[in-house]
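> Structure for this input, please:
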Amino acid sequence: MSTPEPGESQATDSQDRMVEAIEAAEGPQLATRIMLVTDAWEPQVNGVVRTLANTIHELRAMGCEVEVVSPADGYKTVPLITYSEIRLALGAREDVEDRFLSFAPDAVHIATEGTLGWDARAVCLKHKFPFTTSYHTQYPEYVNARFKWIPLWAGYRFMHAFHDKSGRVMVATPTMMELLNAHGFKNIAPWSRGVDVEMFHPSKRGVDGGIFKDLPKPVFVYVGRVSVEKNIEAFLKLDLPGSKVIVGEGPARAELMEKYPEAHFPGTKTGDELARHYADADVFVFPSFTDTFGLVILEAAATGTPVAAFVAPGPKDILPGTGAGVVDMDLKKACLEALKLNRADARALAERYSWRACAEEFRRNLEPLPRPEKKKFWKRLAEARARARERRRIAREQREARKAARG
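I've put the predicted structure just below:
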């Protein structure tokens, strides 16, 4: 190894400080190599998956490299209790670590609190690498709705355990930021949502007489998972004129079909067919109290369909003052008032949101290592891995030598 000439070390330090000063003047560094870990992924159909998929699409369009770690990557999986569409990966930590080391990301984002999320969290903590998380679901409320004997405080203790080491916890609305602040969460950052205003478009309304041409009008539609935490029965119980339609699948569907035979349950719809179900509705009804945003609100609005909802996180952040919907603790009143709204105002609301803006906000929220630190980090890690490989080689040779001596 060569010995630095006198003054060489000081010159290098001076150059490093100059680089850091230039980078500071240029503004915050944005990650270009992003590792995103999620337990919710395709072929699941839900707002979390649509948000992540569209964000990743926009990030790649911006020139970012995104490494997605999901249950679809060949891991052994088991279904999540009460939400069988989500598969939890088992025994994946070693592979997650290998992928982290080989991809060498600028930033790591952990989107969900499932087994892959915990594995990625452990890997980042082991290597002292910063990471961010996002809060997509009101998990404590969701669990309490399914299992009344599990108190809310237990759910929030679990969420604190997961998110408290995160550099930033991304949430979708001001209401959710206030809620998490009240529960003692730190480093909360806004991350809004977007909508495909070409896919979900008013021109889809009334095609060939409309999806609901044979149903009594007006038509009130819900789209989403059919499960108890979505509070769909609060909608189905209402004495409303016309027809009620529940689009989606879930564990409560069979029970609700039997209990409310006058309602219509066409199942899950996607793509253009889903857009037509939104567009041909007269009112979109969102009865949930446990969502953090409600991406379906924007999808319905993009087709021109006004929204009726309870005063809850998501609706109360998106709708008041827009003319695109009504929020009220009397859901029947909200539904009837929404019938009077101008569909053009609903469309105008959706046009304020874009997936590009969503992706840009996400990228700004990431916690990448500064360039000089990044270089040092991966250099130290490469050296540590080389030493570990050498130790394993020596141990293997020693085992082989002992075996040969015995034989």
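> Neighbours of the closest residue to residue 298 other than its chain neighbours, how many?
Nearest residue to residue 298 in three dimensions, chain neighbours excluded: residue 195, at 3.9 Å (C-beta to C-beta, 6 or more residues apart in numbering). Using the backbone N, CA and C atoms, a C-beta is placed for each residue, glycine as well. For residue 195, the count of nearby residues is 26 (other C-beta atoms under 10 Å).
> do the same with the one 4 residues further on
Neighbourhood size, residue 199 [other C-beta under 10 Å]: 14.
> go on, residue 184?
With other C-beta under 10 Å as criterion, residue 184 counts 9.
> check contacts around it.
residue 160 (C-beta atoms under 8 Å, 6 or more residues apart in numbering).
> now it: how far from residue 163?
11 Å (C-beta to C-beta, to the nearest Å).
> swap in residue 75?
23 Å.
> who's more crowded, these two?
Between residue 75 and residue 163, residue 163 has the larger neighbour count (other C-beta under 10 Å), namely 22 against 19.
> contacting residues around that one?
If a contact means C-beta under 8 Å, 6+ apart, then residue 163 has 113, 133, 135, 169, 185 as its contacts.
> same thing but at 10 Å, please
Residues near residue 163 by C-beta atoms under 10 Å, 6 or more residues apart in numbering: 110, 113, 121, 132-135, 169, 180, 185-188.
> Go through those residues and name the one nearest residue 298.
residue 134 (17.5 Å; C-beta to C-beta).
> Could you measure from the closest one over to residue 342?
Distance, residue 134 to residue 342, using C-beta to C-beta: 34 Å.
> quick one: residue 89 and residue 115 touch, right?
Yes. The pair residue 89 / residue 115 is scored as a contact, 5.3 Å apart, by C-beta atoms under 10 Å.
> Next, show the common contact partners of the two.
Common neighbours of residue 89 and residue 115 (criterion: C-beta under 10 Å, 6+ apart): 39, 71, 75, 77, 78, 96.
> how close does the third one get to residue 223?
I take that to be residue 75. Per C-beta to C-beta, residue 75 is found 30 Å from residue 223.
> Let me see the ranges of the strands in the stretch 151-300 of the chain.
169-171, 188-190, 219-223, 243-247, 264-267, 283-286 (DSSP state E, counting those that start in this stretch).
> Any regions of the stretch 301-407 of the chain where pLDDT drops low?
The model of the stretch 301-407 of the chain has pLDDT under 70 over residues 370-372, 388, 407.
> Show me where it has its strands.
So, for the stretch 301-407 of the chain - with DSSP E, counting those that start in this stretch - the strands run 307-309, 325-327.
> And the first one, how far out from the chain middle?
From the chain centre to the centre of strand 307-309 is a distance of 23 Å (C-alpha atoms, centre = their mean, to the nearest Å).
> longest helix anywhere in the chain?
helix 371-406 (DSSP state H).
> Show me how far that one is from its chain's centre.
Computed by C-alpha atoms, centre = their mean, the chain-centroid distance of helix 371-406 equals 37 Å.
> That one packs against which elements?
For helix 371-406, the elements it packs on are helix 8-26, helix 93-103, judged by 3 or more C-beta pairs under 10 Å, 6 or more residues apart in numbering; DSSP states H and E.
> Let me have the strands of the stretch 151-300 of the chain in CSV, adding mean pLDDT as columns.
Output for the strands of the stretch 151-300 of the chain, formatted as CSV (pLDDT from 0 to 100):
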stretch, mean pLDDT
strand 169-171, 95
strand 188-190, 94
strand 219-223, 98
strand 243-247, 98
strand 264-267, 97
strand 283-286, 98
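> quick one: which of those strands is nearest residue 125?
strand 169-171 (15.7 Å).
> Residue 315 - nearest residue in space that isn't next to it in sequence?
residue 309 (3.5 Å).
> Is the one you found bridged to anything, and to what?
For residue 309, the beta-bridge partners are residue 286, residue 327 (DSSP bridges).
> right, and residue 207 touches residue 279 too?
Yes. When contacts are counted by C-beta under 10 Å, residue 207 is listed as touching residue 279 (8.2 Å).
> what about the two, which has more around it?
It is residue 279, of residue 207 and residue 279, that has more neighbours when counted by other C-beta under 10 Å, with 24 against 13.
> Was I right to think that one contacts residue 210?
Yes. With contact defined as C-beta under 10 Å, residue 279 and residue 210 form a contacting pair (8.4 Å).
> Which neighbours do these two have in common?
In contact with both residue 279 and residue 210: residue 204, using C-beta under 10 Å, 6+ apart.
> Can you pull the domain assignment for this protein?
30-194+359-369, 202-353 (automatic domain parsing).
> And the closest residue to residue 288 other than its chain neighbours, what's its pLDDT?
Among residues not flanking residue 288 along the chain, residue 230 sits closest, at 4.9 Å (C-beta to C-beta, 6+ apart). Residue 230 carries a pLDDT score of 93 in this model.
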